[in-house]
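In: Predicted model follows, preceded by the sequence.
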Amino acid sequence: MRVLAVLLFVAWHLQAEHVNWIWTARYVVTMDSTRRVIEDGAVAVMGERIVGVGKRVEIERRFTATRRFDLPKSLIAPGLVNTHTHAAMSLFRGIANDMPLEDWLKKFVFPAETKNLSPEFVRWGTRLACLEMALSGTTTFTDMYYFEDVVAQATKEAGLRGVLGETIISFPSPDASRPEDALQFTEKFIKRFRNDQLIVPAVAPHALFTNSDKTLIASRALANRYGVPLLTHLAETRQERQKSESTRGMSPVCVLDSLGVFNGRTLGAHGVWLDDNDLRILKARGVGIAHCPSSNTMLASGVAPVTRMLAMGISVGLGTDGPAGTNNDFNLFEEMDLASKLQKVTTGNPKALAAQQAFEMATIQGANALGIEKETGSIEIGKRADLISVRLDAPHAVPLYHIYSQLVYSLKGCDVENVMVNGRLIVHKREMLTLDRRKVLAKAAEYGLHLVGSLQ
């Protein structure tokens, strides 16, 4: 009998498909088209792709693995998708708080950037942001900043996925004296990274109110020439809308639409001050929205009409925005929780933006908004292996009755234990494997001391 058992085991082993990884857990939250949640589930990974998703017994019958994680006290979920950041601004964290957006920008952020920004500043700021994002479960982030080639290098070093665009703005910036120079930089950036497995290059005109019509039209043309997304700030504040209506007789959405800016893949960050006509335009043009609840509340910009957008079929993801006074961290678990509660309190409906919808916004909806839903945002065969495991045994995590409620209202970024991006393990047992945590934190503290001196 023992010999027969050995022979059967060998036969099974020879027939089973070999993979690099098998992860098993108490639950697998797939976010596929049926929103399947698999109890006692497993995921198989080969190379950078997911090759199996199902019950643990099924996956173990079909596959053998070089490495495996058995996580009976955890759930496996898609990596989170942050649809709007300014990553390197992590080094400006808390530099100015409790003030309107215009004052924050003109009196603090723009002067601080003028005095301090350099490629190395951006490199270390992006490393700090990537460290924070990875440790709280974000595997893909969208960025609009300066020296974006350095952002891309630091992102790849960390092992994260990035949708990245160089800021195009009307006045001289730290790395471009004219918007034309920023457009030229962007074209070179696109050519360099357009076939990269981790980097999706983008065109990023800052906003309607910080660019000429000519620059906005050129930005759209450049994005369409290479088939990449366009990122921009959109209808963030009441003042922005009022100025657009008083000077041009149209809302910001209508102006951008009249210029053809939405004629291609577009992501608008914020989308707070939108009327019904604006929403119809966004739906018709397939524009995605990055909802940034912490940023919009901290600046008193307002609350985006998220439930109306979702009801119309507009793709809405979640974004943290950048530290320095709009939101001082990159924690998408906080954004899920706040997004849901803001919609409830502003609509007077406790059913508004239910937990499952909020988690969709942090995963597959965010990927949809960016146009990368075929690659990431859910756990499905053929997609990139962007996975996180989240522990379910902390005091704030038990008992568990409803998986999405737990994810959105109870679990925290610090419950994330393991993170994989593109089939590569980058966080193991809450330790970052790709960046030197102590060195990054020490460098951030060093920049902080320098910043204090430069602003006095």
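Out: In hand now; what should we look at? Numbering: from 1, shown residues only.

In: Could you pull up phi and psi at residue 333?
Out: With angles defined as degrees, to the nearest 10, residue 333 sits at phi -60, psi -40.

In: which residues does the residue lying closest to it once chain neighbours are set aside contact?
Out: Spatially, and ignoring its direct neighbours in sequence, residue 333 is nearest to residue 413 (4.5 Å; Cβ to Cβ, 6 or more residues apart in numbering). Yep, even glycine has a C-beta here, placed from its N, CA and C like the rest. Residues counted as contacts of residue 413 (Cβ atoms under 8 Å, 6 or more residues apart in numbering) are 135, 136, 137, 331, 332, 333, 334.

In: Shouldn't the last one be within a helix?
Out: Translated: residue 334. Yes: using DSSP: H, G, I helix; E, B strand; the rest coil, the secondary structure at residue 334 is a helix.

In: wait, it sits on residue 292?
Out: No: look at residue 334 against residue 292 with Cβ atoms under 8 Å: they stay out of range, at 11.4 Å.

In: Neighbour count: the two, which is higher?
Out: Taking other Cβ atoms under 10 Å, residue 334 and residue 292 do not tie; residue 292 has more neighbours (33 against 18).

In: Tell me where the stretch 301-450 of the chain is predicted with low confidence.
Out: Low-confidence segments of the stretch 301-450 of the chain (pLDDT under 70): 325.

In: where along it do the helices fall?
Out: 306-312, 332-347, 355-362, 364-370, 403-405, 437-454 (DSSP state H, counting those that start in this stretch).

In: ditto for the stretch 1-150 of the chain
Out: Going by DSSP H, counting those that start in this stretch, the stretch 1-150 of the chain shows helices at 2-15, 56-62, 101-103, 110-116, 119-135, 148-158.

In: Turn the ones you listed into CSV, columns for mean pLDDT.
Out: Compiled in CSV, those are given as follows (pLDDT from 0 to 100):
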stretch, mean pLDDT
helix 2-15, 51
helix 56-62, 98
helix 101-103, 76
helix 110-116, 80
helix 119-135, 98
helix 148-158, 98
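
In: Name the stretch among those that sits most buried.
Out: Most buried of those by mean neighbour count (mean count of other Cβ atoms under 10 Å) is helix 119-135; its value is a mean of 24.

In: what does it rub up against?
Out: Contacts for helix 119-135 (Cβ under 8 Å, 6+ apart): 82, 85, 87-92, 141, 143, 145-147, 150-151, 153-155, 157-160, 329-331, 413-414, 416, 419, 426-427, 430, 432, 435, 437, 440-441, 443-444, 447.

In: hmm, try it at 7 Å
Out: 82, 85, 87-91, 141, 145-147, 150-151, 154-155, 158, 160, 329-330, 416, 419, 426-427, 430, 432, 435, 437, 440, 443-444, 447 (Cβ atoms under 7 Å, 6 or more residues apart in numbering).

In: tell me the domain ranges of this protein?
Out: 18-78+387-421, 80-370 (automatic domain parsing).

In: Now do the spatially most central residue of the chain against residue 267, distance only.
Out: Nearest to the mean C-alpha position of the chain, by Cα atoms, centre = their mean, lies residue 82 at 1.4 Å. According to Cβ to Cβ, to the nearest Å, residue 82 stands 12 Å off from residue 267.

In: Need the overlap of contacts for the two.
Out: residue 142.

In: so what's the residue lying closest to residue 39 once chain neighbours are set aside up against?
Out: Closest residue to residue 39 apart from its sequence neighbours, by Cβ to Cβ, 6+ apart: residue 27 at 5.8 Å. Residue 27 makes contacts with 37, 38, 39, 41, 75, 403, as judged by Cβ under 7 Å, 6+ apart.

In: let's see 6 Å
Out: Each residue near residue 27 by Cβ atoms under 6 Å, 6 or more residues apart in numbering is listed here: 37, 39, 75.

In: How about residue 391?
Out: The contact partners of residue 391, by Cβ under 6 Å, 6+ apart, come to 74, 415, 417.

In: so how far is the first residue of stretch 428-441 from its last?
Out: 19 Å (Cα to Cα, to the nearest Å).

In: can you pull the buried residues of that stretch?
Out: For stretch 428-441, a neighbour-count test (16 or more other Cβ atoms under 10 Å) marks 432, 434, 435, 440 as buried.

In: again with stretch 286-301
Out: Neighbour-count burial for stretch 286-301 flags 286-296, 298-299, 301 (criterion: 16+ other Cβ under 10 Å).

In: what about it, start to end distance?
Out: End-to-end distance (Cα to Cα), stretch 286-301: 24 Å.

In: now stretch 132-142
Out: End-to-end for stretch 132-142, by Cα to Cα: 15 Å.

In: likewise stretch 80-90?
Out: Using Cα to Cα, one end of stretch 80-90 lies 19 Å from the other.

In: where's that stretch relative to the chain centroid, distance-wise?
Out: Remark: stretch 80-90 is offset 6 Å from the chain centroid, using Cα atoms, centre = their mean, to the nearest Å.

In: And the contacts of it?
Out: Here stretch 80-90 has contacts from 122, 125-126, 128-129, 137-138, 140-143, 145, 269, 290, 292, 317, 319-324, 332, 362, 366-367, 369, 377, using Cβ under 6 Å, 6+ apart.

In: which of those residues count as buried?
Out: Applying 16+ other Cβ under 10 Å to the contacts of stretch 80-90 flags 122, 125-126, 128-129, 137-138, 140-143, 145, 269, 290, 292, 317, 319-324, 332, 362, 366-367, 369, 377 as buried.

In: tell me which residues in stretch 409-426 are buried?
Out: Those buried within stretch 409-426 under the rule 16+ other Cβ under 10 Å are 409-413, 415-426.

In: Please disregard the earlier target; I meant stretch 241-254.
Out: 241, 244, 250, 251, 252, 253, 254.
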